[in-house]
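Chemist: Provide a 3D model corresponding to the input given below.
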Amino acid sequence: MTDAPRQPQSRIGLGALIQVEEDDVSSWWLMLPDGGGRIIEVGGQRVTVVSPASPVGKEVMGLEEDDEVELWLGGRDRTLTISSVR
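Modeler: Take a look at the predicted model:
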C-alpha cells in the first residue's frame, strides 16, 4: 500500500491509517469511531477497521511511528511495531 494519498501525521488518532509490523509481516489498520473489526479493501490492500473504544484501539491511540505495543490478541501475547501513521 505504497500509493496511499494520505500525509503522515505524528500520532494515532481518529482517521489514522496505521501500518503495523509483527515478525516481518505487515498489516494495515484504519482508526474509525465505528465498525471495529470490519475488513475493508483500500487500493487493493486489506485494512482492518479499529475503534478507539476497543481494547486494541485504546492501546494504540496516541502512539507514533516506531512505537511498540504489547497486546493480547488472538489468544496470545503479541508485540507490534507501528511502522507508519498517515
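Chemist: hey, let's count contacts and neighbours off CA atoms from now on
Modeler: Will do.
Chemist: give me the number of residues near the residue nearest to Ser54 when sequence neighbours are not counted?
Modeler: Once flanking residues are discounted, Ser54 sits nearest to Gly36: 7.4 Å by C-alpha to C-alpha, 6 or more residues apart in numbering. Counted with other C-alpha atoms under 10 Å, residues neighbouring Gly36 total 19.
Chemist: pretty sure Gly36 contacts Val47?
Modeler: No. Under the criterion of C-alpha atoms under 8 Å, Gly36 makes no contact with Val47, lying 11.0 Å away.
Chemist: what are the ranges of the strands in this protein?
Modeler: 17-22, 25-31, 39-42, 45-50, 68-73, 76-85 (DSSP state E).
Chemist: Give me the buried positions along the fifth one.
Modeler: Buried residues in strand 68-73, counted by 16 or more other C-alpha atoms under 10 Å: 68, 71.
Chemist: again, but for the longest one
Modeler: Within strand 76-85, the residues that qualify as buried by neighbour count (16+ other C-alpha under 10 Å) are 80-85.
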